[in-house]
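1. Structure for this input, please:
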Amino acid sequence: MTILQALDKYYYRLSEVAEEGWAPVKFGWCLVLDVQGNVVDIEDRRDPSGKKPSLKEYFVPFSDKVASRTSGIEPNFLSDKTAYVLGRTAGEGKRTAKEHAAFKEMHLDRLTGEDDPGLVALARFLSMWHPEMLETLPRFVPEMLDANIMFMLAGDLQYLHQRPAARELVRRYQDADDEKHEAFCLVSGQLEPIARLHRAIKGVQGAQSSGAPLVSCNSSESPAFSSYGKGQGLLAPTGKGVAFRYTTALNHMLTRDGPNRVKRPIGDATVVFWADASNAEAAEAAEGLFGAAIDPPGDAEEARKIAEELEAIAKGRALPGSRLALARGTRFHVLGLSPNAARLSVRFWLSDDFGTLATHLAMHYRDTRIEPQPLGWGGAPSVNVLLARTTAFQGKFENIPNLLAGEVMRSILMGTRYPQSLLAATMIRLRAGDNPGFGWHAALLRAVLVRARRLSQKNQDIPEKGEVPVALNREHRNIGYLLGRLFAVYELAQVAALGRGVKATMRDKYFASASATPANVFPLVIAHGQNHLSKARKAAQSAGWAYLIEQELNAIINQIEPAEPHSLPRSLRLEDQAEFAIGYYHQRSAKLKSNKGEEISLADHEATASEEGDEA
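-> The predicted structure is shown next:
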């Protein structure tokens, strides 16, 4: 199913959306007219609930020409901004007179012969209105200028554009316009009027605030923008009904804080999602679960329940009281949109069975699992947070690489390999100074390696076929993993000897180079480490720890199999560098146990040494 087909189908699930030829537009004021066309009142229709009144959305007749107007003059029917309706603007208004003249001409032409009191009142108002009369209006305020204005007949409970005669007039002129171009719609397959221009999509972060089209063809006036004599909408014929429905559905989902929108863009992609199911309840259940899974709640217990529900779907069973039974057989769609100059680009698009999607999300949860849990991990991090902590400069969301974010999201949703560039980007951040002890990088690096090895059919390019361990595994023989563990133990020796007050630790000085070129750096690490061990043995408070550290060092060194006799690898492959970071994190968090049952870890001893230094 294509994007436009899925959006067109979703439109019919919506209840509070505009009908064809109408659109939600923000208004602030309404002019109340008597039957003679005189303005008897101005009603403030803004929302007063906030700190200051804000504009509210109302469904009004709305033309696609108005939606796409930039330099041209295109008046809207029965409502518009003050420049068109009243001939006044807050700015210089070089073309305001022409805009007002166009609005008046269109309405007087369309309203000729109408006998509805409301439409007659509007025609009389426009016939006798002059822009200089603005200040004489009752309750006029300067804030009205450049805002949208609508009308109401005095004594009515509905706006003028809502009157049956006005609605019939809107339909009549819409049908007259539809007769101009007919072709087979590429979405519906039916012969129908074709949309020349598609309405702008609003709400995509980074795109133009006025909106940008998803489907767009440039000017038909130049041969460069035409094909076989056809231009604009006829190049990719989409029925006017389909064009209206898909843009309405997409704009509805992109509203701020909407339930079918991921709260924060992933990279530069604003993400929306929706479901097709046999009933609305099943669709809403699937949407609710996906929204919680892709952007988990901060509460660890709630996040754990979501992970369990995904696992249940993946295994084909439902938990008691779960919403999973409602989600079976549901078709699900995920769309990521990115800004692209004056248009929108599709960063990723997925349309699949919800059970398959849930299986892929559960796989992502499993693949990123690591023990102990990283600092601040919670129940399960959102894709945004995970990428910000591991690939973005200073950990800022806006610094997440855009292309990488799209590729990662696509791999999660489709259950394919994580992009190899994710491995490189994460290691770059570690070399740039990110703290490998937090565990976020280790979790993501492990996920990339685990998935690549699981999905690889032959493993010919991966000498170590054992799975990367979730927690510390003293039997895992990967050279990168062993060297990472060795580095962590030597760092523990430094902390045991010098305390936490060292300005530049071994990790600060050597981690990046040790993980890439061990043969060049580890001789220095070992030499410094032995000096630290010697100092720790002489200190009464750390003598016992020195013995445990030495035992752990010997156990690791005995497992290392050099590429050449009495040597360490001159360099490590990127995958082995990732295992170095994982081994370092595991060993750093490991407890070394003495015969007396005492335990020590690098994290624990850093805190102890710091406290002792404060007391001294």
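2. Assumed Val450 was part of a strand.
-> No: membership of Val450 in a strand is not supported by DSSP: H, G, I helix; E, B strand; the rest coil, which gives helix.
3. What is the burial count for it?
-> For Val450, the count of nearby residues is 20 (other Cβ atoms under 10 Å). (Each C-beta comes from the backbone N, C-alpha and C, glycine too.)
4. Cross-check the contact I'm expecting between it and Glu467.
-> Yes: counting by Cβ atoms under 8 Å, Val450 does reach Glu467; the two are 6.1 Å apart.
5. Met1 and Pro259: what is the separation?
-> Distance of Met1 to Pro259, computed by Cβ to Cβ, to the nearest Å: 22 Å.
6. Run through the residues that contact Asp156.
-> By Cβ atoms under 8 Å, 6 or more residues apart in numbering, the contact list for Asp156 reads Gly118, Arg163.
7. nearest residue to the residue most central in space within the chain other than its sequence neighbours?
-> Centroid-nearest residue in the chain: Pro265, 2.6 Å away (criterion: Cα atoms, centre = their mean). Spatial nearest neighbour of Pro265, excluding adjacent residues (Cβ to Cβ, 6 or more residues apart in numbering): Gln205 at 4.8 Å.
8. so when I look at that neighbour, I'm seeing a strand, right?
-> No: the assignment for Gln205 is coil, going by three-state DSSP, so no strand is present there.
9. This protein - how does it break down into domains?
-> The chain breaks down into these domains under automatic domain parsing: 15-178, 179-256, 259-462, 479-615.
10. Comparing these, which yields the minimum mean pLDDT?
-> Per-stretch mean pLDDT for those is lowest at domain 479-615 (a mean of 78).
11. Distance from that one to the middle of the chain?
-> Relative to its chain's centre, domain 479-615 lies at 39 Å (Cα atoms, centre = their mean, to the nearest Å).
12. quick one: the residue of the chain positioned farthest from its centre and Met506, what's the gap?
-> Here the centre of the chain is the reference, and by Cα atoms, centre = their mean the most remote residue is Lys538, at 55.5 Å. Lys538 is 20 Å from Met506, where distance means Cβ to Cβ.
13. Gln190 is in contact with Gly239, isn't it?
-> Yes: the criterion here is Cβ under 8 Å, and Gln190 meets it with Gly239 at 6.7 Å.
14. neighbour-wise, which of these two wins?
-> Neighbours per residue (other Cβ under 10 Å) separate Gln190 from Gly239, with Gly239 holding more: 25 against 11.
15. just checking, that one touches Glu182?
-> No: the criterion here is Cβ under 8 Å, and Gly239 misses it with Glu182 at 9.3 Å.
16. Show me whatever sits in contact with both of those two.
-> Common neighbours of Gly239 and Glu182 (criterion: Cβ under 8 Å, 6+ apart): Glu192, Pro193, Ile194.
17. Among those, name the ones in strands.
-> Glu192, Pro193 (DSSP state E).
18. Just the buried ones out of the shared contacts of Gly239 and Glu182, please.
-> Among the shared contacts of Gly239 and Glu182, those buried by neighbour count (16 or more other Cβ atoms under 10 Å) are Glu192, Pro193, Ile194.
19. which one of these sits closest to Arg331?
-> Glu192 (25.1 Å; Cβ to Cβ).
20. Tell me the bridge partners for the closest one.
-> Residues in a beta bridge with Glu192, per DSSP bridges, are Ala183.
21. Pull the contacting residues for it.
-> Neighbouring residues of Glu192 by Cβ under 8 Å, 6+ apart: Glu182, Ala183, Cys185, Gly239, Lys240, Gly241.
22. For the closest residue in space to the first one that isn't next to it in sequence, give its distance to Phe77.
-> Meaning Glu182. Leaving aside its sequence neighbours, Glu182 sits nearest to Pro193 (Cβ to Cβ, 6+ apart; 5.6 Å). As for Pro193, its distance to Phe77 is 18 Å (criterion: Cβ to Cβ).
23. Count the neighbours of Val170 for me.
-> 22.
24. now swap in Arg46 and tell me
-> Neighbours around Arg46, by other Cβ under 10 Å: 18.
25. For it, which non-adjacent residue is spatially closest?
-> Per Cβ to Cβ, 6+ apart, closest to Arg46 is Pro53, 3.8 Å.
26. Who are the contact partners of the one you found?
-> Gly28, Asp44, Arg46, Asp47.
27. Can you report how many residues neighbour the first one?
-> When you say that, I think you mean Gly28. Counted with other Cβ under 10 Å, Gly28 comes out at 21.
28. residue contacts, it?
-> By Cβ under 8 Å, 6+ apart, Gly28 lies in contact with Asp44, Arg45, Arg46, Pro53, Leu55, Lys56, Glu143, Met144, Ala147, Asn148.
29. Quick one, which of those are buried?
-> Buried among the contacts of Gly28 (16+ other Cβ under 10 Å): Arg45, Arg46, Met144, Ala147, Asn148.
30. Would you agree the first one is in contact with Leu31?
-> No: at 10.8 Å, Arg45 and Leu31 do not qualify as touching, with contact defined as Cβ under 8 Å.
31. Any chance you could list residues touching both of the two?
-> Met150.
32. Tell me if I'm right that Asp47 and Lys56 touch.
-> Yes: contact criterion Cβ under 8 Å: Asp47 and Lys56 qualify, at 4.9 Å.
33. Which one of the domains of the chain lies nearest to Asp8?
-> domain 179-256 (4.9 Å).
34. gap between that closest one and the chain center?
-> The mean C-alpha position of domain 179-256 is separated from the chain mean by 24 Å, Cα atoms, centre = their mean.
35. cool, stretch 163-173 as well?
-> Distance, centroid of stretch 163-173 to centroid of chain: 40 Å (Cα atoms, centre = their mean).
36. same thing with stretch 288-299?
-> 13 Å.
37. Mind listing residues that contact it?
-> Outside stretch 288-299, the residues that touch it by Cβ under 8 Å, 6+ apart are 259-260, 262-264, 271, 273, 275, 302-303, 306, 309-310, 323-324, 327, 332, 334, 354, 357-358, 361, 378-384.
38. Give me the ChimeraX select line for the residues you listed, limited to the buried ones.
-> Per 16+ other Cβ under 10 Å, the buried members of the contacts of stretch 288-299 correspond to this ChimeraX selection:
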select :260,262,271,273,275,303,306,309,310,323,324,327,332,334,354,357,358,361,378,379,380,381,382,383,384
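39. mind listing which of the contacts of stretch 288-299 are in helices?
-> Counting by DSSP state H, these place 302-303, 306, 309-310, 324, 327, 354, 357-358, 361, 383-384 in helices.
40. Would you format the buried ones among the contacts of Gly28 as a markdown table with distance to Ala405 included?
-> Formatted as a markdown table, these follow (distance: Cβ to Cβ, whole Å):
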| residue | distance to Ala405 |
| --- | --- |
| Arg45 | 40 |
| Arg46 | 38 |
| Met144 | 43 |
| Ala147 | 38 |
| Asn148 | 37 |
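41. Give me the distance between Ile557 and Glu550.
-> With distances taken as Cβ to Cβ, Ile557 is found 10 Å from Glu550.
42. which of the two has more neighbours?
-> Neighbours per residue, other Cβ under 10 Å: of Ile557 and Glu550, the larger number sits with Glu550, 16 against 12.
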